[in-house]
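A.B. asks: sequence first, then the predicted structure:
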Amino acid sequence: MRAAVIVFPGSNCDRDVAVALARAGAAPAMVWHKDADFLAVDLIVLPGGFSYGDYLRCGAMAAHSPVMREVVRRARRGVAVLGICNGFQILTEAGLLPGALIRNANLKFVCQDVHLCVETSQSLFTARYAAGQTIRVLIAHHDGNYVAGERELERMEARGLIAFRYVDEAGSASNTANPNGSARNIAGIFNETKTVLGMMPHPERLADPALGGIDGRPLFDGLVEALS
Amino acid sequence: MKARVHVTFKPGVLDPQGKAIQKALAGLGFDGVQGVRQGKVIELELSETDFARARESVREMCEKLLANTVIENYEIELDA
């Protein structure tokens, strides 16, 4: 599977995700944001970080980078896209995913382990998990509070487009398990065709035993399996 | 021509920064502040001299970049 990791000025999780992809057997290419015409790949990754310093709004300016027009074009043709943290923000600003990510409800930058419920295994991102499985990953963000209109949220729920939800260790999507105020404890969502996934947590940071956990591994293994 | 764009959250979007400011004002002894919403002002200097064309151009800037219309409203003021 060939993957492109898009690097914006201010991205800083690009190498971590490239390592996680390489470990899973993919061949990641780093693509600078000015390269509007990059090589053909099976997966495009928008990594975490602080693209454009989060100026104006997180991901707002990256969403208009030369490379993003091509990313949007390919995504609309069905190429798989994974947006992590700032990448999720960019996907919403680019209109590839609904809703928006705003300032965490408690106003703090939150950097901690979280538990997620993998809502469905019916996607090329989550096929290596069991539906309803609780996994431990981590978050590090100031603007991870997912908001969307009530009707949009209902539609997403009905169509099974919620990918991950913040839960406590027992798997319950309680208020205390919600680190940032996201609507319905939403941590990650799919687009209509489940070929685009945006998530605030960092699976690439829990993909190696040396990093303290491997619950992020199945996401990358599943992608390599599905797209090779 | 100068344009001033006011960007604010849509009503109903949670504004914790506004709430924090409200608390700080109360702590400073200002009674009767019943609500605070924080927005941003973006000032533009345009070479365009025609009001209608300037307004339309700035409106497009707002729709495309300056505001996230999923969660924000904008207002445009023009000043010769």
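C.D. replies: Yes, it's here.
A.B. asks: and chain B, which residues reach chain A?
C.D. replies: B:V13, B:L14, B:P16, B:Q17, B:A20, B:K64, B:L65, B:L66, B:N68, B:V70, B:I71 (Cβ under 8 Å from any Cβ of the partner chain). Just so you know, the C-beta spots here come from the backbone N, C-alpha and C atoms, and that holds for glycine as well.
A.B. asks: apart from its chain neighbours, what residue comes closest to the fifth one?
C.D. replies: Nearest non-adjacent residue to B:A20, counting by Cβ to Cβ, 6 or more residues apart in numbering or on different chains: A:L107, 5.9 Å away.
A.B. asks: okay, and the one you found sits in which element?
C.D. replies: When secondary structure is defined by DSSP states H and E, A:L107 falls outside every helix and strand.
A.B. asks: what residue in chain A is the furthest from its centre?
C.D. replies: Distance from the C-alpha centroid of chain A peaks at A:A170, with 23.4 Å (Cα atoms, centre = their mean).
A.B. asks: now do the SS call for it.
C.D. replies: coil (DSSP: H, G, I helix; E, B strand; the rest coil).
A.B. asks: quick one: the helices in the chain, in order.
C.D. replies: Since no chain was named, I'll use chain A. A:14-23, A:66-76, A:86-93, A:150-158, A:217-227 (DSSP state H).
A.B. asks: switch to chain B, that's the one I care about
C.D. replies: Counting by DSSP H, the helices of chain B are B:16-27, B:51-61.
A.B. asks: could the ones you listed be laid out in TSV, adding mean neighbour count?
C.D. replies: Shown next, in TSV, are those (neighbours: other Cβ atoms under 10 Å in any protein chain shown):
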stretch	mean neighbour count
helix B:16-27	14
helix B:51-61	15
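A.B. asks: JSON lines for these, including distance to A:H142 and mean pLDDT?
C.D. replies: What follows is the helices of chain B, written out as JSON lines (distance: least, Cβ to Cβ, whole Å; pLDDT from 0 to 100):
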{"stretch": "helix B:16-27", "distance to A:H142": "11", "mean pLDDT": "93"}
{"stretch": "helix B:51-61", "distance to A:H142": "26", "mean pLDDT": "97"}
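A.B. asks: residues contacting the nearest residue to A:A177 once chain neighbours are set aside?
C.D. replies: Among residues not flanking A:A177 along the chain, A:D168 sits closest, at 4.2 Å (Cβ to Cβ, 6+ apart). Residues near A:D168 by Cβ atoms under 8 Å, 6 or more residues apart in numbering or on different chains: A:H115, A:S174, A:T176, A:A177.
A.B. asks: next: A:C85.
C.D. replies: So A:C85 contacts A:C13, A:P47, A:G48, A:G49, A:I139, A:A140, A:H141, A:G144, A:M199, A:M200, A:P201, A:H202 (Cβ under 8 Å, 6+ apart).
A.B. asks: out of those, grab the one that's most surrounded.
C.D. replies: Within those, A:M200 tops the neighbour count with 32 neighbours, counted by other Cβ atoms under 10 Å in any protein chain shown.
A.B. asks: so what's the residue nearest to A:A177 scoring on pLDDT?
C.D. replies: Model confidence at A:D168, expressed as pLDDT, equals 97.
A.B. asks: so it versus chain B, what's the distance?
C.D. replies: 22 Å (Cβ to the nearest Cβ, to the nearest Å).
A.B. asks: run through the bridge partners of the closest residue to chain B within chain A.
C.D. replies: Here chain A gets closest to chain B at one residue, A:A100, 4.7 Å apart by Cβ to the nearest Cβ. Counting by DSSP bridges, A:A100 is bridged to A:V147.
A.B. asks: that one and A:G149 touch, don't they?
C.D. replies: No: using Cβ atoms under 8 Å as the test, A:A100 is too far from A:G149 to be in contact (10.3 Å).
A.B. asks: those two: which is more packed in?
C.D. replies: Comparing A:A100 with A:G149 by other Cβ under 10 Å, the one with more neighbours is A:A100, at 22 against 15.
A.B. asks: tell me the contacts of that one?
C.D. replies: A:T92, A:E93, A:Y146, A:V147, A:A148, B:N68, B:V70, B:I71.
A.B. asks: need phi/psi at the residue lying farthest from the centre of chain B.
C.D. replies: Computed with Cα atoms, centre = their mean, the residue of chain B farthest from its C-alpha average is B:G29, at 26.9 Å. When read as degrees, to the nearest 10, the backbone of B:G29 gives phi 100, psi 10.
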